[in-house]
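In: could you look at this predicted model? Sequence included:
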Amino acid sequence: MANQKMNLPSPFSFKECLWFLNRNFDDCMHTVGEDHVRKVILVENQPVLFEIREKNSKLIIKILKGEGSPVIENFIHDWFDINRDIKPFYQLLSAHKELAYMSKDFEGLRLIGIPDLFEAICWCIIGQQINLTFAYKTKRRLVERYGTKIIYEGQDYYAFPSPEALAAANPEELKAMQFSAQKIAYLTGIANVFKEGKMSKQILLDLPDVAAQQKALTAIKGIGIWTANYTLMKTLRIPTSIPYGDAGLLNGLIAHRIISDKKDIEGINTFFRHFKGWESYLVFYLWRSLAPKT
DNA sequence: GCCCAGGACTATG
DNA sequence: CATAGTCATGGG
């Protein structure tokens, strides 16, 4: 099958996106090289490994293993938020004294999403209240045990576990991976909710507004308002969604002298009002600014 | 030992 | 409804 080419908007920086995907954390959901990223997704339950490079301002998509499908192209559009015009966001950034540098330093960075709802929620559960290094470590253990593996040129690549696989997971094994009893209950519980079809991306999309989506998510054990908002930001790409209380967000706001006290709710709200409609992008750029230095 | 980390839940006033 | 206590575990 011939490589797919994908046109890119402006500004778009594949390099910035790659940097974020890597950013000195060991994320098992993709593999970043010098000038490319590889990832496995499931297409009709069959794993497909693809690789993305950039050439002449286009993304070049190559299927390394498995069946090619239009699903993959759609996935990449979603993953890198390619169809969005982010120029209005840059105008807002440029007008802000403390943040103007971002429009140059991170120019073309896209809000990297998590198109799979189940994966996004599980990742939230895993990451709740623990440091990211440890969170990525335990996620890798989970994925390498229950995910779908593809071997290509001697290297292992994984797709995130299905709800069925996690629902059937052995709690003792999960405990040995250093998940707390609470998180084990949350993860398997949510896996069952998905397995039974009581939650899905489509179910959320069919709801009338963001408030209803938050409500549907937080009705599930283990999903609080932070997880709900994070998910709406990363999976449904609700531009106004802010993961309130997020430790990284608060540290980002303090680092840029926007607030001096993490409990300064009013200061945070005032700040976000300047970025109406681009709140989630702003949060993402603040996270970017906090990433460990190389 | 203490505090923090991309929180959530439950009980209590 | 706002707050306090509880859970849980690695890293600095």
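Out: Looks like it came in fine.
In: what is the burial count for the nearest residue to residue A:252 once chain neighbours are set aside?
Out: Beyond its immediate neighbours in the sequence, the residue positioned closest to residue A:252 (C-beta to C-beta, 6 or more residues apart in numbering) is residue A:286, lying 3.3 Å away. No exception for glycine: its C-beta is placed from N, CA and C like everyone else's. Close neighbours of residue A:286, defined as other C-beta atoms under 10 Å, add up to 21.
In: wait, a helix at residue A:286?
Out: Yes. Remark: residue A:286 belongs to a helix, assigned using DSSP: H, G, I helix; E, B strand; the rest coil.
In: my read is that it contacts residue A:247, right?
Out: No. Residue A:286 lies out of contact with residue A:247 (C-beta atoms under 8 Å); the separation is 11.6 Å.
In: quick check: buried residues in stretch A:223-234?
Out: Along stretch A:223-234, these residues count as buried under the neighbour rule (16 or more other C-beta atoms under 10 Å): A:223, A:226-234.
In: kindly report the same for stretch A:124-138.
Out: Buried residues in stretch A:124-138 (16+ other C-beta under 10 Å): A:124-128, A:132, A:135-138.
In: also stretch A:31-39?
Out: By neighbour count, with 16+ other C-beta under 10 Å as the criterion, the buried positions of stretch A:31-39 are A:31-32, A:37-39.
In: got it, and stretch A:142-162?
Out: Across stretch A:142-162, burial judged by 16+ other C-beta under 10 Å covers A:142-143, A:145-148, A:150, A:157-162.
In: okay, and which of the residues you listed map to strands?
Out: A:148, A:150, A:157-159 (DSSP state E).
In: quick check, nearest of these to DNA strand C?
Out: Proximity of these to DNA strand C (C-beta to the nearest atom of the strand) peaks at residue A:158, which lies at 21.0 Å.
In: show me the domain layout of chain A.
Out: Listed domain ranges for chain A are A:4-83, A:117-149+A:162-290 (source: automatic domain parsing).
In: around DNA strand C, pick out the residues from the stretch 1-150 of chain A.
Out: A:129-131, A:133-134, A:137 (C-beta under 7 Å from any atom of the strand).
In: check the residues you listed against DNA strand B, which are close?
Out: Contacts with DNA strand B are made by A:129-131 out of those, judged by C-beta under 7 Å from any atom of the strand.
In: looking at strand pairing, list the partners for residue A:155.
Out: According to DSSP bridges, the partner residues bridging residue A:155 are residue A:152.
In: one step back: and the gap between the residue nearest to residue A:252 and residue A:161?
Out: Counting by C-beta to C-beta, to the nearest Å, the gap between residue A:286 and residue A:161 amounts to 30 Å.
In: could the buried residues of stretch A:124-138 go into JSON lines alongside pLDDT?
Out: Formatted as JSON lines, the buried residues of stretch A:124-138 follow (pLDDT from 0 to 100):
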{"residue": "A:124", "pLDDT": "97"}
{"residue": "A:125", "pLDDT": "97"}
{"residue": "A:126", "pLDDT": "97"}
{"residue": "A:127", "pLDDT": "96"}
{"residue": "A:128", "pLDDT": "96"}
{"residue": "A:132", "pLDDT": "94"}
{"residue": "A:135", "pLDDT": "96"}
{"residue": "A:136", "pLDDT": "96"}
{"residue": "A:137", "pLDDT": "95"}
{"residue": "A:138", "pLDDT": "96"}
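In: which pair of the residues you listed spans the longest distance?
Out: The largest distance within the buried residues of stretch A:124-138, taken as C-beta to C-beta, falls between A:124 and A:137 and amounts to 16.3 Å.
In: pull up the pairing partners for whatever helix or strand residue A:53 lives in, direction included.
Out: When secondary structure is defined using DSSP states H and E, the element that contains residue A:53 is strand A:46-55. Here the strand partners of strand A:46-55, with direction, are listed using DSSP bridges: strand A:37-43 (antiparallel), strand A:58-65 (antiparallel).
In: so which of these gets nearest residue A:191?
Out: Set against residue A:191 and scored by C-beta to C-beta, the strands paired with strand A:46-55 come closest in strand A:37-43, at 15.3 Å.
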